[in-house]
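S.K.: take a look and give me a structure for this.
(one chain, ligands or ions: 1)
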Amino acid sequence: MRYVFAVAGLSLTLFLSRAAEAQQRGGRGGGRGTAIEAGESCAAGQTEIRPRRCMAPEFPPPSIVDYRPHSTLIVPEHTVKRAKYPAIDFHGHPQGLLGSAESIASLGASLDSLNVRLMIAADNMSGERLRQAMAVIKASTAMKDRVFPLAGINFRDVGPGWAEKAVAQLEADLAAGAVGVGEIGKGFGLSTRKPDGSRLRIDDPELDPIWEACARLDIPVFIHTADPQEFFKPVDYTNERWLELALFSERRYPPDRFPSFDELMTERDNLFRKHPKTTFVAAHMGWHANDLGRLTRMLETMPNLYVEVGAVLYDIGRQPRAAHDFFLRFQDRILFGKDSFQPEEYPYYWRVFETADDYFDYYRDYHAFWKLYGIDLPDSVLKKVYYQNALKITPRLPQTGWPR
Ligand SMILES: [Zn+2]
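M.R.: Predicted coordinates for the structure are as follows:
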């Protein structure tokens, strides 16, 4: 009897001391892999399985383009095919679809299926190109009150005499049917040059008369500045947009050839501040949807600033609580827009804005390898974001026939 107890006692002691040892190493399985020092990262090909212990998978790991795990999460799903209220797409690029009666009719059918009542054609049209597009729009009984172009500004040859010509062209384009200016593209700031070869700064004083004319003519200026901040950073494995940057070389802005992200943001903010009577709409939420605190400070200090949500749904939908609060706080300053015209992608926007759904797929893997969540906006805010704010800042749009 005593012998049996003694043996059992010994094995219990052994077991306890092994458990304590394993605990020190980081729990079960902690003895495996390779130790690293505090503050070190695992070597390439290994992952941290316990604190400061790294291990490589037994099988060759898939590349990030092949790894597509199927989520096992089962939660209520509410897909939304049509917007709850008629929407204005402030960031439309119909381009070729304004070329003929047939193509504009197909655009109308797509917009109907999504409940987009009106599209702003932000294709920088001016002069003859604008007149041709307007002729096609006006000839279409179904679409003549549903597509409205913005006018383009030609930023070549900015120097003495440029502003007078640019203002006169803008006035002619407005008379031809344009309802605002834009989309001023990212080339403005990134790459457009002055005749002397220097980069045209966004806040260049030679441009002041055109912005003042926009205030006088009571039209919004829709402007896209820079690109996501990751595009300006090294393309390494800590870059959140590595896959996109590896796919598209033209999206890489190395510092030896381009101004920095913050340099461009500073020039842009100078522009907004310098012309407080001009209404600016920053496309893509000014590329600050990933930093709503920064965007909050801008909207608080620049009452002439509005933001548009195109192509940044991946940032809105990954912070549903913060985004919900932000949209409520700035409900009078946010405009719906989609950018790239892909009818099957709009319902993702409706779902993020209108539902409280959890953890659902985004439409473009290379933008975001994470999932989206609904931000559950109340009806009064949906109406403002979908159409009321766009109507308010664009008096040349048809102001009647909208839900109250
Ligand atoms: Zn655009």
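S.K.: and whichever residue of the stretch 151-300 of the chain sits closest to the ion, how far from Thr34?
M.R.: In the stretch 151-300 of the chain, the residue that lies nearest the ion is Glu183 (4.5 Å; C-beta to the ion). Every C-beta, even on glycine, is put in place using the N, C-alpha and C of the backbone. For Glu183, the distance to Thr34 equals 52 Å [C-beta to C-beta, to the nearest Å].
S.K.: which one's more surrounded, those two?
M.R.: Under the criterion of other C-beta atoms under 10 Å, the comparison of Glu183 against Thr34 puts Glu183 first, with 27 against 13.
S.K.: quick check: that one is in a strand.
M.R.: Yes. Under DSSP: H, G, I helix; E, B strand; the rest coil, Glu183 sits within a strand.
S.K.: which ones are touching it?
M.R.: Shown in contact with Glu183 (C-beta atoms under 8 Å, 6 or more residues apart in numbering): 91, 122-124, 150, 222-224, 283.
S.K.: how about the backbone phi and psi for the nearest residue to it once chain neighbours are set aside?
M.R.: Using C-beta to C-beta, 6 or more residues apart in numbering and skipping the chain neighbours, the partner closest in space to Glu183 is Ala122 (3.8 Å). Dihedral angles phi and psi of Ala122 (degrees, to the nearest 10) take the values phi -90, psi 50.
S.K.: got a list of what Ala122 touches?
M.R.: 90-93, 150, 182-183, 222, 337.
S.K.: would you list these in a markdown table and tack on secondary structure and pLDDT?
M.R.: Shown next, in a markdown table, are the contacts of Ala122 (DSSP: H, G, I helix; E, B strand; the rest coil; pLDDT from 0 to 100):
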| residue | secondary structure | pLDDT |
| --- | --- | --- |
| Phe90 | strand | 98 |
| His91 | strand | 98 |
| Gly92 | strand | 97 |
| His93 | coil | 96 |
| Leu150 | strand | 98 |
| Gly182 | strand | 96 |
| Glu183 | strand | 97 |
| Phe222 | strand | 98 |
| Gly337 | coil | 98 |
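S.K.: in the host helix or strand of Ile104, what counts as buried?
M.R.: Using DSSP states H and E, Ile104 sits within helix 101-114. Neighbour-count burial for helix 101-114, counted by 16 or more other C-beta atoms under 10 Å, picks out 104, 107-108, 110-111, 114.
S.K.: got the residues of the stretch 301-404 of the chain near the ion?
M.R.: Counting by C-beta under 5 Å from the ion, the stretch 301-404 of the chain comes close to the ion at Asp339.
S.K.: please name the nearest non-neighbouring residue to the residue of the stretch 301-404 of the chain found nearest the ion.
M.R.: Among the residues of the stretch 301-404 of the chain, Asp339 lies nearest to the ion; the distance is 4.8 Å by C-beta to the ion. Leaving out its chain neighbours, the residue that sits closest to Asp339 by C-beta to C-beta, 6+ apart is Gly310, at 3.7 Å.
S.K.: Tyr346 against Lys338, yeah?
M.R.: Yes. Tyr346 is within contact range of Lys338, at 6.0 Å (criterion: C-beta atoms under 8 Å).
S.K.: ignoring the adjacent residues along the chain, who's closest to the most centrally placed residue in the chain?
M.R.: The centre of the chain sits closest to Val312, judged by C-alpha atoms, centre = their mean, with a distance of 2.0 Å. Of all residues not flanking Val312 in the chain, Ala289 sits nearest, at 4.1 Å (C-beta to C-beta, 6+ apart).
S.K.: my read is the one you found is in a strand, agree?
M.R.: No. Looking at Ala289 with three-state DSSP, it is coil, so not inside a strand.
S.K.: and it, what pLDDT?
M.R.: In this prediction, Ala289 carries a pLDDT score of 98.
S.K.: got the buried residues for stretch 189-196?
M.R.: For stretch 189-196, by 16+ other C-beta under 10 Å, it's 189-190, 192, 194.
S.K.: same thing with stretch 229-248?
M.R.: Buried residues in stretch 229-248 (16+ other C-beta under 10 Å): 229-233, 235, 240-245.
S.K.: cool, stretch 272-289 as well?
M.R.: 272, 275, 278-289.
S.K.: that stretch: end-to-end distance?
M.R.: 18 Å (C-alpha to C-alpha, to the nearest Å).
S.K.: cool, and stretch 375-393?
M.R.: 25 Å.
S.K.: CA atoms only: put the helix holding Ile104 into CSV for me.
M.R.: Extracted C-alpha coordinates of helix 101-114, given in CSV (Å, rounded to 0.1, in the frame of the first residue of the first chain):
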residue,chain,number,x,y,z
ALA,A,101,-28.6,56.1,-77.5
GLU,A,102,-28.3,52.3,-76.9
SER,A,103,-25.4,52.6,-74.3
ILE,A,104,-27.1,55.4,-72.3
ALA,A,105,-30.3,53.2,-72.3
SER,A,106,-28.3,50.3,-70.8
LEU,A,107,-26.9,52.7,-68.2
GLY,A,108,-30.4,53.7,-67.3
ALA,A,109,-31.4,50.0,-66.9
SER,A,110,-28.5,49.4,-64.5
LEU,A,111,-29.2,52.5,-62.4
ASP,A,112,-32.9,51.5,-62.2
SER,A,113,-32.0,48.0,-60.8
LEU,A,114,-29.9,49.7,-58.1
